[in-house]
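Peer 1: The following block contains a protein sequence and its predicted model.
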Amino acid sequence: MTVDTRVRRASWVSVLQRQGAAVALALMVVVAWISFPRFGSPDNLRDIALQSAFLAVIALGMTFVIITGGIDLSVGSVYALGGVLAAYGSQWGFLAALLLPLVVCGLIGLLNGLLVAKTGMAPFIVTLATLLLARGLLLAITSEGSTTYRIADGSAFLELGRGTILGFGYPVFLAAALCVAGGILLRRTAFGQSVFAVGGAEQSALLMGLPVARTKVLVYVMSGVLSGFAGAMTAAYLQSGVTVIGVGLELDAIAAVVIGGTLLTGGMGTVLGTVIGVGLRNVIQNVINQIGTLDSNYQSVVSGAFLLVVVVLQRSLSRTADRR
């Protein structure tokens, strides 16, 4: 094999690692647009964007956590808790409805970060415990789910979830702004470089004098705060704190992040890839709904199969890159 051939092949491997999800999303959109007339309607596109916004905010925090080599299984329960706390706090005004979930969910993220960074406990175990803690706190606040807190008609807080600009809901623009800020934070700041260093080679990061423990704590706090904020937006959209939401959402967030090209082993990933992963997941779900004859559970089957293929490809491409 000539040098030029090896260079071209390595280039293709790199492109597939970074842009594979984008190519899959583009193909899926084109096929769906041609096959289903309603797919390209403004109303349907607005629905896809709105549904993607909530997951994108959660997946943004998950991206930072996974790049450090960690995992956060608590985000689904923290998301649901954030929604209930926002609805509960709305009786005292907009600020209480917004700050209460951010503070409480941020404290859960802080607990995750401290336990992972200071004790060396496995992130899987720590966040599994706080998943149960957050869900238990949620049930305690709502009397085991029998009490549903509603946001009063006319509350300014409802605008957070129901307000629109050019037909698109506020959550879409808020999620977009957060993802842009997250991308800048990850790529253009010292903190972002520390995130990559911790996930890529933690011992080397320690030897370089990087704040490894602080970085881990901050990414888990970020994950908690963003999950709480997504829950608050959902409560504003639904006008209530729904207790049954968020079950299994952590798996959707992880799937979106991994499909977007972030390595589960850490050290590599992008916010844009995560956004593409979220979009791909929701386009697949929408296409299944468009078909109509398929049960909605097939969305989980397709997402799981797609995630498996992506992980296998990531592993294969990484080995190919390593050999070069």
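Peer 2: That came through, no problem.

Peer 1: residue contacts, the closest residue to E159 other than its chain neighbours?
Peer 2: Leaving aside its sequence neighbours, E159 sits nearest to Y170 (CB to CB, 6 or more residues apart in numbering; 6.8 Å). (C-beta placed from N, C-alpha, C; glycine too.) The contact partners of Y170, taken as CB atoms under 8 Å, 6 or more residues apart in numbering, are 159-164, 233.

Peer 1: Return the entry from the residues you listed with the maximum number of neighbours.
Peer 2: Of all these, the most densely surrounded is M233 (28 neighbours; neighbours counted as other CB atoms under 10 Å).

Peer 1: thinking that residue is in contact with E159, fair?
Peer 2: No - if you go by CB atoms under 8 Å, M233 and E159 don't touch, sitting 10.8 Å apart.

Peer 1: average pLDDT for the helix or strand hosting Y237?
Peer 2: Element membership of Y237 [criterion: DSSP states H and E] is helix 212-238. Mean pLDDT, helix 212-238: 95.

Peer 1: pull the CA atoms of the helix or strand hosting G279 into PDB?
Peer 2: Using DSSP H and E, G279 maps to helix 271-291. Extracted as PDB, the C-alpha positions of helix 271-291 are listed here (Å, rounded to 0.1, in the frame of the first residue of the first chain):
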ATOM      1  CA  VAL A 271     -21.100  19.200  21.300                       C
ATOM      2  CA  LEU A 272     -22.100  19.500  17.600                       C
ATOM      3  CA  GLY A 273     -22.000  15.700  17.400                       C
ATOM      4  CA  THR A 274     -24.300  15.400  20.400                       C
ATOM      5  CA  VAL A 275     -26.800  17.700  18.800                       C
ATOM      6  CA  ILE A 276     -26.700  15.700  15.600                       C
ATOM      7  CA  GLY A 277     -27.200  12.500  17.700                       C
ATOM      8  CA  VAL A 278     -30.200  14.000  19.400                       C
ATOM      9  CA  GLY A 279     -31.600  15.100  16.000                       C
ATOM     10  CA  LEU A 280     -31.100  11.600  14.500                       C
ATOM     11  CA  ARG A 281     -32.800   9.900  17.400                       C
ATOM     12  CA  ASN A 282     -35.900  12.100  17.100                       C
ATOM     13  CA  VAL A 283     -36.000  11.900  13.400                       C
ATOM     14  CA  ILE A 284     -36.000   8.100  13.600                       C
ATOM     15  CA  GLN A 285     -38.800   8.300  16.200                       C
ATOM     16  CA  ASN A 286     -40.800  10.700  14.000                       C
ATOM     17  CA  VAL A 287     -40.400   8.500  11.000                       C
ATOM     18  CA  ILE A 288     -41.700   5.500  12.900                       C
ATOM     19  CA  ASN A 289     -44.700   7.600  14.000                       C
ATOM     20  CA  GLN A 290     -45.200   8.600  10.300                       C
ATOM     21  CA  ILE A 291     -45.400   5.000   9.300                       C
END
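
Peer 1: Give the other helices and strands that it contacts.
Peer 2: With contacts taken as 3 or more CB pairs under 8 Å, 6 or more residues apart in numbering; DSSP states H and E, helix 271-291 sits against helix 3-35, helix 42-67, helix 170-188, helix 249-259, helix 298-323.

Peer 1: List the residues that contact the closest residue to V242 other than its chain neighbours.
Peer 2: Closest residue in space to V242, ignoring its immediate chain neighbours: G83 at 6.3 Å, by CB to CB, 6+ apart. Contacts of G83 were listed using CB under 8 Å, 6+ apart, and they are 101, 231-232, 234-235, 238, 241-242, 245-246.

Peer 1: Out of these, flag the one nearest to A122.
Peer 2: Nearest to A122 among the contacts of G83: G246, at 22.6 Å, using CB to CB.

Peer 1: where's the nearest residue to that closest one once chain neighbours are set aside, which helix or strand?
Peer 2: In space, and not counting its chain neighbours, G246 is closest to A80: 3.6 Å by CB to CB, 6+ apart. Using DSSP H and E, A80 maps to helix 75-89.

Peer 1: Name the residues of the next helix or strand after that helix that come out as buried.
Peer 2: Note on helix 75-89: by DSSP H and E, the next helix or strand toward the C-terminus is helix 94-119. Buried residues in helix 94-119, defined by neighbour count with 16 or more other CB atoms under 10 Å: 94, 96-102, 104-106, 108-117.
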